[in-house]
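S.K.: Pasting a predicted model and its sequence here:
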Amino acid sequence: QQKVQQSPESLTVSEGAMASLNCTFSDGTSDNFRWYRQHSGKGLEMLVSIFSDGEKEEGRFTAHLNRASLHVSLHIREPQPSDSAVYLCAVRNMGYKLTFGTGTSLLVDP
Amino acid sequence: GGIITQTPKFLIGQEGQKLTLKCQQNFNHDTMYWYRQDSGKGLRLIYYSITENDLQKGDLSEGYDASREKKSSFSLTVTSAQKNEMAVFLCASSMPGRSSYEQYFGPGTRLTVL
């Protein structure tokens, strides 16, 4: 069964400094890896979806996937206070099912 | 664009009570999902429905029933609420297809059991 772990549990960065979040998974045969953001009291918003090893950029959000290392990361360029939220990594298995990590709580200080 | 509506936003129940949560989507998506989110445990899939009239168990289906009344709506029933239970239930929908498995999420229903 796929296991997904995220680190760090919480992260504080200054506005404008790069924020880097990590996610490791146990089964590298999954075909899709995603990063979601969840503001307090809100639903999930998908930021980046990546299928192949390498890099995928969506605006200020860049995901790096390395299946051999069982690792996918998210880098947020020039973070703003409005980016303060919980960031969730998810791995797709068997079509419809997503396995989620427990999240990284990001605080961006103005 | 579309939207997913979940009702109620907050649900307070008593131990042993049967509680129903509702979800509506106007994306015209085929597939709908119910997830449970507990603090420190991420999201876990309870039930999903690939198309209207379909129902599939997720990893956490025990203690729950689900019903796909029509394409746009998907309900979840907590069959017997557990004392001190607190969680957020998130509904999502998606359209099949490799690049379109993106799941759109509702804002959630927060459950508290007294």
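M.R.: It's in.

S.K.: List the neighbouring strands of the longest strand belonging to chain A plus their orientation.
M.R.: Ranked by residue count, the top strand of chain A under DSSP state E comes out as strand A:85-93. With DSSP bridges as the test, strand A:85-93 is paired with strand A:32-38 (antiparallel), strand A:97-100 (antiparallel), strand A:104-109 (antiparallel).

S.K.: Mean neighbour count, those strands: which tops it?
M.R.: Across the strands paired with strand A:85-93, averaging neighbours per residue (mean count of other Cβ atoms under 10 Å in any protein chain shown) puts strand A:32-38 on top, at a mean of 23. (C-beta placed from N, C-alpha, C; glycine too.)

S.K.: Return the member of the strands paired with strand A:85-93 having the minimum mean pLDDT.
M.R.: Across those, strand A:97-100 has the smallest mean pLDDT, namely a mean of 89.

S.K.: Show residues contacting that strand.
M.R.: A:2-4, A:25, A:34, A:88-93, B:42-45, B:48, B:58, B:103 (Cβ atoms under 8 Å, 6 or more residues apart in numbering or on different chains).

S.K.: lowest confidence element among the helices and strands of chain A?
M.R.: strand A:97-100 (a mean of 89; mean pLDDT, DSSP states H and E).

S.K.: Export it to CSV, keeping only CA atoms.
M.R.: Extracted in CSV, the C-alpha atoms of strand A:97-100 (Å, rounded to 0.1, in the frame of the first residue of the first chain):
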residue,chain,number,x,y,z
LYS,A,97,-7.4,6.8,-5.9
LEU,A,98,-5.1,9.4,-4.4
THR,A,99,-3.0,8.8,-1.3
PHE,A,100,-2.3,12.0,0.6
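
S.K.: Now do the strands in chain A.
M.R.: Under DSSP E, chain A gives strands at A:4-7, A:10-14, A:19-25, A:32-38, A:44-50, A:54-58, A:61-66, A:71-76, A:85-93, A:97-100, A:104-109.

S.K.: what's the closest of those strands to B:Glu52?
M.R.: strand A:97-100 (19.7 Å; Cβ to Cβ).

S.K.: Near residue 24, how many residues? Count them for me, please.
M.R.: No chain specified, so I'll use chain A. Residues lying near A:Thr24 (other Cβ atoms under 10 Å in any protein chain shown) number 16.

S.K.: The chain in question should be chain B.
M.R.: 19.

S.K.: Validate this expectation: it resides in a strand.
M.R.: Yes - under DSSP: H, G, I helix; E, B strand; the rest coil, B:Gln24 sits within a strand.

S.K.: show me the contacts for it.
M.R.: B:4-7, B:72-73.

S.K.: now swap in A:Pro81 and tell me
M.R.: Here A:Pro81 is in contact with A:15, A:108-110 (Cβ under 8 Å, 6+ apart).

S.K.: Ok, B:Thr31 next?
M.R.: Contacts of B:Thr31 (Cβ under 8 Å, 6+ apart): A:96, B:48-51, B:93-96.

S.K.: Likewise for B:Gly106?
M.R.: By Cβ under 8 Å, 6+ apart, the contact set of B:Gly106 is A:43, B:4-6, B:23, B:25, B:90-92.
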